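Participant: what's the 3D shape of this:
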Amino acid sequence: MYLEAFRKPLVLRGTLVLALTLAPTGASAFAQGSNDCSTATPIAGAGTYVVTTIGATDSPQQPGQCPTVHRDVWFVWTATATENVDVSLCGGVNSDSVLAVYAGSTCPVSGSEIDCSDDYCNYTSLVNFNAVSGTDYLIQIGAWNSSTTFSGTFYVGPPVPCGSNTGPDVIVGDLQEVANYASQNIGGVDYDAVAFGTYSCNVGDFWLNWIANTNQHPVIGSNLYKYKVVDGAGRIEQIGMSWLKHGFYALSDNLCCTGCESTDGTHLGVRCSDPYSAPRNGTQAGLGPRWEVNAATGVFAYPPANPSYSGSTARRCQVKVSDLEASSGSVHYYAEGQYVTPDDAAAGNAYNNASYRELSVTGGGTAWQFALLAGGETVRESPAIRAWQSAEAGVQVANIDVANDGRLVLAWKVTDLGGGKWHYEYALFNLNSDLSVRALSLAKTDSVTLSNIAFHDVAYHDGDGPGNVNMDGTDWVATNGPTSLEWATSTFAQNPSANALRWGTMYNFRCDANAPPVSGTLTLSTFKTVGSVQVQVDVPGDPLTGPYCFGDGTGPVACPCSNSGAPGQGCANSANPAGAVLAESGTTSPDTLVLTSYGELPNAFSIMLQAHLDFANPVVFGDGLRCVGAPFKRLYSINAVAGVAAFPPPAAPSISAQSALKGDPIAPGSSRCYQVYYRDPNPGFCPTPTGSTFNVGNAVRILW
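Facilitator: This next block holds a predicted model:
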């Protein structure tokens, strides 16, 4: 989707302006749209459909990542094939439009869209996503301006490659073959290498420069990706990256289109295609580094830097052998090809230049073989990050366009791991942003406990960087603050060769949290300038409320001397084999909350703890288990009556008032964790390993 904070002058930056007259015509062209999503107009299959917003009003259902869709109407589209599809107003509507697509046929909630689009082709809209046969999708179409209505047509179906795109427009029409190379040990690490054949197509209406020995031809890069399910959660990672093949002569084939207007080889003609074999794309002497290319403008230095090289994997799409394992039902590999060239970028057609295709990987040790997956096809005009969405249900993908620069593609999924934990996985691909990205920050609350925070990148090699020195490969540093989790590398001012997310690369960011997902803000900070873009994604919300941290033997940590308590209670004490239990009653607004600890020893001295955080795993605390994390506040200290301690005690301030008095004011919407520890003056109860004279009950988390 295109994100913008304010209106901009008209800038041509669309990637695919469809010629609707070329769209499939098998489906009925008559449709109008309903002003109510609950009675959305049904349509099915690929086709061009009529839309009118005249007389429509604003629907209460609005996407969370685009401007408000004014005067909108609704369609419910049923996919008749599993394939990559466009929903496009380009060429069919002559108004400033907004478009959103949602999964399912029932009225959606805000922020649940698959994708949305504001300005894509001029001021009209296009959304691309992977559809599943037999599945329903709601389509919302309206205007950016509240006073605008329009009538026209929109297209739903596979991207139409030979449209009337203005100017030269090169795409990867096919990834056609694979070349395998011998492995090589470099600095004690084994590497393999592969090259992919690419078939380019000019789907625009003007020839594309292909002039050898100048900087007026395409450069061709390839990447390798791996999808795998790890500990119950799926992820896609870039594991390989090549140098760039420089084009030198264009043939005039007809792969994508018919009616090729052939040339003398110095241009790729209109509706023409040109093949480069895998061995040619893997010819080391013809490859140049990536660092000299501005993918947003397509401009690059020529001749390219040419440091010395040696060995079978140099400059090719190089991958660590340790990252390889045989393809299986839970392990998939994808090849990606991308063309970058100045005249394509100048025409505003640089967003559809990457395509991907699934591979099979077999072998072992240092002898691996890559091959095109039998029966597979190239997914045109779609980077490989979108393969994650095809491989695994529930993955969300968003296009993020950096003003006056290029495009980033973000994919994410949250997986419920059970036991009160969720895995958050984010993949960020830089398609062609020259400004690049130096930091990614997720909003969260201070009550969220994070663990397994990790980062993954792909390595530059063979001197791909200024001065023939590789770009810095230092991992981004994660900072877990009270209101955000941020991964970051150095600034451009600190190190121009820092490990920024540059074009044609994908980095991963992941963590586990004790909180389910909510819609929140993800901020991306640019590298070459001081700026940022934001997008709404799933982030850790407030943790689950209620009792937790039981000493009943069901948790990850056992009571210290096999003194498990009753189900849902703390560890057993010397007077009560069931252990103490902390229970809540009352409300937080107004604050009538009472936390009562039952099952302590008679007259036990008791202290109630309050904390913002809890431990991922309990720690032994006296004869029990503590889960509330430091720093914490000791809110009240009282003596139990007949083994019962209630907080707040009579005449004491309420819990929220006492917290404020202790220097920890509680804001509405935040959460706190509570636990009570109490005296048990019998050191012989747990002589080994504690010999302690106190114990602790379960914990309770309260959302205020």
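
Participant: going forward, measure contacts and count neighbours with C-alpha atoms only.
Facilitator: OK.

Participant: Now do the buried residues in the lowest-mean-pLDDT helix or strand in the chain.
Facilitator: Taking mean pLDDT, DSSP states H and E as the measure, strand 614-621 is the helix or strand of the chain with the lowest mean score, a mean of 83. If you call a residue buried by 16 or more other CA atoms under 10 Å, then strand 614-621 has these buried ones: 614-616, 618-621.

Participant: for that strand, packing partners?
Facilitator: strand 624-628 (3 or more CA pairs under 8 Å, 6 or more residues apart in numbering; DSSP states H and E).

Participant: So for stretch 450-461, mean pLDDT?
Facilitator: Computed over stretch 450-461, the mean pLDDT rounds to 97.

Participant: coming back round to it: what does the least confident helix or strand of the chain rub up against?
Facilitator: The contact list for strand 614-621 (CA atoms under 8 Å, 6 or more residues apart in numbering) reads 447, 449-451, 514, 549, 556-557, 559-560, 625-629, 673, 695-696.

Participant: next one: stretch 186-193
Facilitator: 180-185, 312-313, 316-322, 366, 368.

Participant: Tell me the gap between stretch 411-428 and the middle of its chain.
Facilitator: 10 Å (CA atoms, centre = their mean, to the nearest Å).

Participant: Mind checking the pLDDT average for that stretch?
Facilitator: Rounded mean pLDDT across stretch 411-428 is 94.

Participant: What of stretch 588-595?
Facilitator: Per-residue scores along stretch 588-595 average to 94.

Participant: List the buried residues for that stretch?
Facilitator: For stretch 588-595, by 16+ other CA under 10 Å, it's 588, 593-595.

Participant: Which ones among those lie within strands?
Facilitator: The strands, defined by DSSP state E, take in 594-595 from the buried residues of stretch 588-595.

Participant: Now, of the contacts of strand 614-621, which are buried?
Facilitator: By 16+ other CA under 10 Å, the contacts of strand 614-621 give 447, 449-451, 514, 549, 557, 559-560, 625-629, 673, 695-696 as buried.

Participant: Can you classify Glu657 by secondary structure?
Facilitator: Heads up, residue 657 is Ala, not Glu. Following DSSP: H, G, I helix; E, B strand; the rest coil, Ala657 is assigned to helix.

Participant: how much space between it and Tyr677?
Facilitator: 21 Å (CA to CA, to the nearest Å).

Participant: from memory Glu600 sits against Ala578, does it?
Facilitator: No - if you go by CA atoms under 8 Å, Glu600 and Ala578 don't touch, sitting 9.8 Å apart.

Participant: what distance separates stretch 639-657 from the centre of its chain?
Facilitator: Distance, centroid of stretch 639-657 to centroid of chain: 46 Å (CA atoms, centre = their mean).

Participant: Show me what counts as buried in that stretch.
Facilitator: 639-640, 643-649, 654-656.

Participant: Quick one: end-to-end length of stretch 301-313, please.
Facilitator: OK, stretch 301-313 end separation, CA to CA: 24 Å.

Participant: which residues touch it?
Facilitator: 181-184, 191-194, 213-215, 288-289, 292-293, 315, 462-463, 468.

Participant: Just the mean pLDDT for it, thanks.
Facilitator: 97.

Participant: how far away is Lys228 from Tyr507?
Facilitator: In terms of CA to CA, Lys228 sits 15 Å off from Tyr507.

Participant: picking up where we left off before, list just the nearest of the buried residues of stretch 639-657 to Thr78.
Facilitator: Ser656 (52.0 Å; CA to CA).

Participant: returning to what we had before: let's have the buried residues of stretch 639-657 in CSV, adding pLDDT.
Facilitator: Output for these, formatted as CSV (pLDDT from 0 to 100):
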residue, pLDDT
Asn639, 97
Ala640, 96
Gly643, 96
Val644, 97
Ala645, 97
Ala646, 97
Phe647, 97
Pro648, 97
Pro649, 96
Ser654, 97
Ile655, 97
Ser656, 96
